[in-house]
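# what follows is a protein structure lacking sequence information:
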């Protein structure tokens, strides 16, 4: 099988990112970009992001998850702590997050350290989820091999019966991570592949050093 993709071309012309116009704190620029993309561009899920980890087998692995909250401290998402990504984070908490918003011709790449959030925060978010999603967290031993689709559907049906009319507890193996950034790069597509790239790096005094990078 072979397909030549060398003729795929696109000119990026929807914006610019100038060093003179960026704030001192990258989270303020993230908030601005997120708002603009969410409001003005046709993204299905603006909060969809790629989480990259170094697996226990030594290989990097990427997967798309949903950002559920961001603060000045970092970026929060939820998952199964016993999943492949959870085991990878337990061994090496250095992760990378990335957003690509095609409509706005923008991407953001975030290096940071992942750590579990407080249990009460995970409890609060779990309680806000639809019951189907709550049951899904109980059904799935994420990343483990299973015998068939029917296996998990049967397990879901039994749990629906078990918890009918009852509160569904958050399993201990499910909860949130916060990724505290140490470096954030903002990329704005520009014509002739001369893209704008602004990088923030966290310094020892907790201030951010800002540089323009060559495209």
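Ah, there it is. As the structure is a prediction and not an experimental result, all values here were calculated from the model.

# mind checking pLDDT for residue 4?
According to the predicted model, the pLDDT of residue 4 comes to 86.

# mind listing the residues bridging to the nearest residue in space to residue 181 that is not next to it in sequence?
What sits nearest to residue 181 in space, not counting adjacent residues and going by CB to CB, 6 or more residues apart in numbering, is residue 112, at 4.2 Å. From N, CA and C alone the C-beta is placed, and that goes for glycine too. The residues listed as beta-bridge partners of residue 112 by DSSP bridges are residue 95, residue 181.

# so who does residue 112 touch?
By CB atoms under 8 Å, 6 or more residues apart in numbering, residue 112 lies in contact with 74-75, 94-97, 179-183.

# number of residues surrounding residue 46?
Other residues near residue 46 come to 20 when the count uses other CB atoms under 10 Å.

# pretty sure residue 115 is touching residue 95, no?
No: because the distance of 10.3 Å does not satisfy CB atoms under 8 Å, residue 115 is recorded as not touching residue 95.

# distance between the ends of stretch 60-76?
Between the opening and closing residues of stretch 60-76 lies a distance of 21 Å (CA to CA, to the nearest Å).

# distance from that stretch to the middle of the chain?
3 Å (CA atoms, centre = their mean, to the nearest Å).

# list the buried ones in it?
In terms of neighbour count (16 or more other CB atoms under 10 Å), stretch 60-76 has its buried residues at 65, 67, 70, 74-76.

# follow-up on the earlier one: of residue 115 and residue 95, who's got more company?
For residue 115 and residue 95, the more surrounded residue by other CB under 10 Å is residue 95, and the numbers stand at 20 against 13.

# what pLDDT does that one get?
Note on residue 95: pLDDT of 98.

# quick one: residues contacting it.
Taking CB under 8 Å, 6+ apart as the test, what residue 95 contacts is 51-53, 89, 111-114, 179.

# quick one: the residue nearest to residue 181 from residue 29, how far?
Applying CB to CB, to the nearest Å, one obtains 16 Å for the distance of residue 112 from residue 29.
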